[in-house]
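Engineer: Sequence first, predicted coordinates after that:
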Amino acid sequence: MTSTSDSSEATRPNHPMSPSPALTLFNIPLLVDFICQHLSTREIFHCSLVSHDLFNAFSPHLSEINLERRVTYNKWVRKETQAALASRPGTIRSLTSVFGDTYKHLAQLALTNPSALYRLTVLRCRIISTSRPNLVKNKQSLPSILTVIEHSPNLQVLELGFFDFDNSDSVTSLLSAIRKRGRGLQEVWIGNDELVDCKTLQWILWSCAAVQRLTLNIDLYQPWDEDDVGEEPLLLEAMAKEALFGETHPYSELDIQSRDRSGASAETGSELVFALMELHVHFSALEHEVKIILEFLRHTPLIERLTVPGIIKVPTLLQEVASTISTVSLPRLQHLDFQYAGGGSSLTCIQLILESCKNLKSVVLTRTHGRYLENVNAIISGSSHSLESIKFPNTHLVPSESLELILCACPRLKKLEALITLHDIQTSRLQVAFPADLVLEIKEAVLPESQDLGWICRDLETLYLSYRNHDGSLGISEPLRRQIAKLIKLKDLRLRCKSYEETARSRDSLQDALLEWRTLTDLRTLELQRLQPLVDEKELSRIRQQWAKLEWIQYT
């Protein structure tokens, strides 16, 4: 025993133990990396909010960074966080910011470690237009933007807001950087609250020939003199060639092989086929702008979604739009959003456009004049077999017969929006000025077989509808409630009664309808406008239990 004790004492060091740094779970980088691999972005974000130390440990692993609040932005730009991001390249995959200094910090990060942004795929910097300091900083950030694009080889989505369009050199440098990315850059969003000339619009469109989704939120001013265009077509062709094929010869011969988005090539003479699949142009276009867009569309047979609500302000231009779309023949076009100017000639043009699009699934028609949209059956005749969504925003005035025909002629219809919601009225001055809806006239059911309105859209999931009973009574008539009860896939139902006379049967008609709609097992939202006088809150609370998935009921 004694010898054992002596030997143990002999092994003890004669000098005091040197102090070692305190090790915690989050001081071990490899362990933190392993933990973050098994956590979602939301869970990593929650961990970073616990304390200052945990923020420094976990924030570099936030692959999706959202800098829409000043507090979050101030934490992100701290030296500790930036140093951690630079030491761990590839942690940023998506970044969304509304602050003008974001580009500068990203550029510094890329210069510190050239591989820091190699996994960045989404960059959204829609600078707040109402913040003057942000606008000033953003206009001075073009060199930083170019640095970020250069050091982000996997960048797929680029959204730029409110940079300097007045400086032609700045625009040229930016568009050149976009063209050099070729088909790797799939989506571009450009917004600006200052006026842009038509020539810049041309440069943007043709520089994005290899982009699949392009959105422009800009305002245009008086176009240039067409006599001074010169060699503009050759220059535009060279821009598109550089974006599509990486060619940089500005005035080479136009014997080009067009390629589809899969990379296969096919001879089409001198015609270029752009990779664009979605074009969203949100500005008011007149004659010059329309011609620019139409010339661009002649090279986009692969397009699937076309949103041009402001392209038609002059009804006579609609004929040219219809001619271009029908001539190009857009076989893949599935979504179309444009304006309707009213009049018989416009109706003929709309019908020509829709008939040339055989696979159309979604249509949004916006009225520009206070006229009826006559003969909706002529509009939907070419695409009734494929239409899944129809929306009449603002204050369209459509005859009841036409509205009913839509429900009876589109078997694949899943969404019909023909009602101004409270949200729409608050966000659109036009809708406040013309507070009218499409109204479905519910006819009197005389015979049992006539109680069925004949709707064949059994897959309908969203229905926004304004109606009027045949006798002018307030409530939900029997033909309407029976037809809605057959829409067993309905998820979002919003009704507005345009009748005002309350009768003895009005209250019972509402309760009968709610009880009969127990077949709508997928119903999630129910809005009843102008039916509040008929609502019994206690009875409604009891009835709503029949919808297990219901999220809310609103009545006004």
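Structural biologist: Perfect, I can see it now. Residues are numbered from 1 along each chain as shown.
Engineer: Need the residues that contact the strand of greatest length in the chain.
Structural biologist: Of all segments of type strand in the chain, defined using DSSP state E, the longest is strand 187-196. Residues outside strand 187-196 that contact it (CB atoms under 8 Å, 6 or more residues apart in numbering): 124, 126, 129, 156-163, 165-166, 178, 204, 208, 211-221. For every residue, glycine as well, the C-beta is placed using N, CA and C.
Engineer: Given that strand, what are its sheet partners and their directions?
Structural biologist: Here strand 187-196 is paired, per DSSP bridges, with strand 157-161 (parallel), strand 213-220 (parallel).
Engineer: Please identify the most buried of these.
Structural biologist: Compared across the strands paired with strand 187-196, strand 157-161 shows the largest average neighbour count, a mean of 20 (mean count of other CB atoms under 10 Å).
Engineer: Averaged pLDDT, that strand. What do you get?
Structural biologist: The average pLDDT for strand 157-161 rounds to 85.
Engineer: what's downstream of that strand, the next helix or strand?
Structural biologist: helix 168-180 (DSSP states H and E).
Engineer: low-confidence ranges in the stretch 151-300 of the chain?
Structural biologist: 162-167, 193, 222-232, 247-270, 285-286 (pLDDT under 70).
Engineer: mind listing the helices for it?
Structural biologist: 168-180, 198-207, 232-245, 287-297 (DSSP state H, counting those that start in this stretch).
Engineer: Can you tell me who the nearest residue to residue 102 once chain neighbours are set aside pairs with across the strands?
Structural biologist: With sequence-adjacent residues excluded and distances taken as CB to CB, 6 or more residues apart in numbering, residue 102 is closest to residue 125, at 5.5 Å. Beta-bridge pairing of residue 125 under DSSP bridges involves residue 97, residue 160.
Engineer: Now do the contacts for residue 125.
Structural biologist: Neighbours of residue 125 in contact, by CB under 8 Å, 6+ apart: 95, 96, 97, 98, 102, 103, 138, 159, 160, 161.
Engineer: Tell me the spacing between it and residue 218.
Structural biologist: Distance, residue 125 to residue 218, by CB to CB, to the nearest Å: 16 Å.
Engineer: returning to that earlier point: buried residues in the longest strand of the chain, which are they?
Structural biologist: 187, 188, 189, 190, 191, 192, 196 (16 or more other CB atoms under 10 Å).
Engineer: just stretch 545-556 next, same as before
Structural biologist: Buried-residue list, stretch 545-556, by 16+ other CB under 10 Å: 547, 550, 553, 555.
Engineer: which of those residues lies closest to residue 466?
Structural biologist: Distance to residue 466, by CB to CB, is smallest for residue 555 among the buried residues of stretch 545-556, at 15.1 Å.
Engineer: Is it correct that that closest one is in contact with residue 531?
Structural biologist: Yes: the pair residue 555 / residue 531 is scored as a contact, 5.8 Å apart, by CB atoms under 8 Å.
Engineer: burial of residue 539, as a residue count?
Structural biologist: 14 (other CB atoms under 10 Å).
Engineer: Can you name the next helix or strand after the helix or strand hosting residue 479?
Structural biologist: Of the helices and strands defined by DSSP H and E, residue 479 is found in helix 478-485. Per DSSP H and E, the first helix or strand lying C-terminal to helix 478-485 is strand 492-497.
Engineer: returning to that earlier point: let me see the mean pLDDT of the helix holding residue 479.
Structural biologist: Here the average pLDDT along helix 478-485 is 87.
Engineer: Give me the helices and strands touching that helix, please.
Structural biologist: With contacts taken as 3 or more CB pairs under 8 Å, 6 or more residues apart in numbering; DSSP states H and E, helix 478-485 sits against helix 506-516.
Engineer: Off-centre distance for the helix it packs on?
Structural biologist: Centroid separation between helix 506-516 and its chain, computed with CA atoms, centre = their mean, to the nearest Å, is 38 Å.
Engineer: May I see the buried residues of that helix?
Structural biologist: Result for helix 506-516 [16+ other CB under 10 Å]: buried residues 506, 507, 509, 510, 511, 513, 514.
Engineer: Please apply the same query to stretch 80-91.
Structural biologist: Going by 16+ other CB under 10 Å, stretch 80-91 has these buried residues: 81, 82, 84, 85, 86, 88, 89, 91.
Engineer: The second one and residue 521, how far apart?
Structural biologist: In this case it means residue 82. 52 Å.
Engineer: same question, the last one
Structural biologist: Distance check for residue 91 against residue 521: by CB to CB, it reads 44 Å.
Engineer: now do residue 57
Structural biologist: Separation of residue 57 from residue 521 (CB to CB): 47 Å.
Engineer: remind me which residues of the stretch 351-500 of the chain are low pLDDT?
Structural biologist: Those would be 367-381, 393-402, 420-439, 441, 443-453, if you go by pLDDT under 70 across the stretch 351-500 of the chain.
Engineer: Strands of that one, residue ranges please.
Structural biologist: For the stretch 351-500 of the chain, the strands defined by DSSP state E, counting those that start in this stretch occupy 362-367, 389-391, 415-417, 439-442, 462-469, 492-497.
Engineer: May I see these organised as TSV, with distance to residue 455 and mean neighbour count added?
Structural biologist: Shown next, in TSV, are the strands of the stretch 351-500 of the chain (distance: least, CB to CB, whole Å; neighbours: other CB atoms under 10 Å):
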stretch	distance to residue 455	mean neighbour count
strand 362-367	18	20
strand 389-391	13	20
strand 415-417	10	21
strand 439-442	11	20
strand 462-469	10	21
strand 492-497	14	20
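Engineer: Can you tell me which of the ones you listed is nearest to residue 49?
Structural biologist: Per CB to CB, nearest to residue 49 of the strands of the stretch 351-500 of the chain: strand 492-497, 34.4 Å.
Engineer: hmm, who's touching that closest one?
Structural biologist: Contacts for strand 492-497 (CB under 8 Å, 6+ apart): 419, 421, 437, 461-469, 474-476, 484, 520, 523-531.
Engineer: and if you look at stretch 147-162?
Structural biologist: Under CB under 8 Å, 6+ apart, the answer for stretch 147-162 is 103, 106-107, 110-111, 114, 116-127, 129, 134-135, 138-139, 145, 174, 177-178, 181, 184-194.
Engineer: buried ones in stretch 238-246?
Structural biologist: Here stretch 238-246 shows 238, 239, 240, 241, 242, 243, 244, 245 as buried, counting by 16+ other CB under 10 Å.
Engineer: Residue 47: which of these is nearest?
Structural biologist: Nearest to residue 47 among the buried residues of stretch 238-246, with distances taken as CB to CB, is residue 243, at 41.9 Å.
Engineer: before we move on, the earlier item: need the CA coordinates for the helix holding residue 479. CSV is fine.
Structural biologist: The C-alpha trace of helix 478-485 is given here as CSV (Å, rounded to 0.1, in the frame of the first residue of the first chain):
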residue,chain,number,x,y,z
GLU,A,478,-80.6,26.6,-54.3
PRO,A,479,-79.2,26.2,-57.8
LEU,A,480,-75.9,28.0,-56.8
ARG,A,481,-75.4,26.1,-53.5
ARG,A,482,-76.1,22.7,-55.2
GLN,A,483,-73.6,23.4,-57.9
ILE,A,484,-70.9,24.5,-55.4
ALA,A,485,-71.5,21.4,-53.3
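Engineer: Okay, buried residues for it please.
Structural biologist: 478, 479, 480, 481, 483, 484, 485.
Engineer: now those residues as JSON lines including distance to residue 296?
Structural biologist: Shown next, in JSON lines, are those (distance: CB to CB, whole Å):
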{"residue": "478", "distance to residue 296": "53"}
{"residue": "479", "distance to residue 296": "48"}
{"residue": "480", "distance to residue 296": "45"}
{"residue": "481", "distance to residue 296": "49"}
{"residue": "483", "distance to residue 296": "44"}
{"residue": "484", "distance to residue 296": "44"}
{"residue": "485", "distance to residue 296": "48"}
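Engineer: I'd like to know which of those residues is nearest to residue 350.
Structural biologist: residue 483 (28.0 Å).
Engineer: Does the closest one touch residue 455 like I think?
Structural biologist: Yes: using CB under 8 Å, residue 483 is in contact with residue 455, at 5.4 Å.
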